[in-house]
Structure formats: C-alpha cells, structure tokens
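Engineer: structural data only, the sequence is not supplied:
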C-alpha cells in the first residue's frame, strides 16, 4: 500500500509557479526578515541559509536541483543538524511519511534534516500550514532566488485551496500537519 496522500495533477502545475512570498537573492537580507522557526525546502536554499550562518529548524533536501544532482560542495555543506530523518516521497506527491516527518521535525525542538528519497518540492505547501504564525518557509524559485513565505491567513488559505485541488485525501494531509 502506498502512503501517497496527495498527488499533483498536471493542470495545477502552472498555479504553483507564482511565488507565495517575497523573492530574495541575498540570504542575509532574507534572514533579517524571516521569522522563527524556519523551514527550508530545497538543497540550494538550505545551503545558502547554512552558509549565512543559520541552521534551519527543519530542512528538506533531495540532493537535486532543477532535476540534476547538486554539486558535491553543496551536498557536503548540508550538515550541522541535530537530527536526520530519511523519508520517501515520489515526485509530484506528498506522502504520509513526509508530512509526519515535517510535523515531528517542527515539534521536536531539535534542528531536523529530512533527506527525501524522491522529491521535496511540494513540501513547501504543507510547511506553510505547519509552521506557527511566527515562523517562515523558504523555498527556491528556479533561476530567480529564494522565496520567503510568511504564514498569514491569506497565504494559508491559498495553500489550502491548492491542496484541495490536488488528487487524494486533503483532510488526511491537513490532519497530519496541523
């Protein structure tokens, strides 16, 4: 039995291209505006935050960027986390394992690296619902920079709407991350 809770339909892909927050190219400026805790989604974003001196509270990586392996330097620099959790999450899906690991990472009080076998891209959506209002989610916008998401009510509503339009059991996904 697969633990895929939600799957991205092709028709929804275009809706995910619009950034959910402010775009940054300078990690220090992003961190100056970021809340606490921080969830970082993606290897390059995680690398830049670590290089700027901030270990994300939860980081999700898959050792890939734009469908290619990340440089060895980037992979080697992603360290310094209190906990490391391996989780499976096929491309264009959200699995129960990923959602649970995200929630547990935020609740643990320890910095947590989620090493995703598959793809972590969609994790930014449930992360926006999982972080407290004081927190932030950071994800990469390919060839543009990093997006800083503040989980205000309008953004959370946009995320709920996107999750509702995915194939699968939205309520089950929401139950895990809340």
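Structural biologist: All right, it came through fine. All values reported here derive from a predicted model rather than from experimental measurement. Numbering: from 1, shown residues only.
Engineer: my read: residue 36 touches residue 135, true?
Structural biologist: Yes - shown here, residue 36 and residue 135 form a contact pair, counting by Cβ atoms under 8 Å, at 6.3 Å. C-betas here are computed from N, CA, C, even on glycine.
Engineer: common neighbours of these two, please.
Structural biologist: residue 57 (Cβ atoms under 8 Å, 6 or more residues apart in numbering).
Engineer: so for the two, which sits in the more crowded spot?
Structural biologist: residue 135 (21 against 11; other Cβ atoms under 10 Å).
Engineer: kindly list the main-chain dihedrals of the more buried one?
Structural biologist: When quoted as degrees, to the nearest 10, the phi and psi of residue 135 stand at phi -90, psi -180.
Engineer: what about it, distance to residue 156?
Structural biologist: The span separating residue 135 from residue 156 equals 12 Å under the rule Cβ to Cβ, to the nearest Å.
Engineer: list the residues that contact both of these two?
Structural biologist: Counting by Cβ under 8 Å, 6+ apart, nothing touches both residue 135 and residue 156.
Engineer: which of the three states applies to residue 143?
Structural biologist: Assigned with DSSP: H, G, I helix; E, B strand; the rest coil, residue 143 falls in the coil class.
Engineer: quick check: which ranges of the chain have low pLDDT?
Structural biologist: The chain contains residues with pLDDT under 70 at 1-2.
Engineer: can you do 90?
Structural biologist: Where the chain drops to pLDDT under 90, the residues are 1-2, 14, 17, 63-73, 75, 142-143, 178.
Engineer: which residues in it form helices?
Structural biologist: Along the chain, counting by DSSP state H, helices occupy 27-33, 43-51, 72-77, 96-108, 124-130, 153-164, 170-177.
Engineer: list the helices and strands the fourth one packs on?
Structural biologist: Applying 3 or more Cβ pairs under 8 Å, 6 or more residues apart in numbering; DSSP states H and E, one finds that helix 96-108 contacts strand 4-7, strand 58-61, strand 83-89, strand 112-118, helix 124-130, helix 170-177.
Engineer: deepest-packed of those, please.
Structural biologist: Stretch with highest mean neighbour count among these: strand 58-61 (a mean of 29; mean count of other Cβ atoms under 10 Å).
Engineer: that one - contacts with which helices or strands?
Structural biologist: strand 38-41, helix 43-51, helix 96-108, strand 112-118.
Engineer: can you put these in CSV and add distance to residue 5?
Structural biologist: Below are these laid out as CSV (distance: least, Cβ to Cβ, whole Å):
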stretch, distance to residue 5
strand 38-41, 17
helix 43-51, 23
helix 96-108, 5
strand 112-118, 14
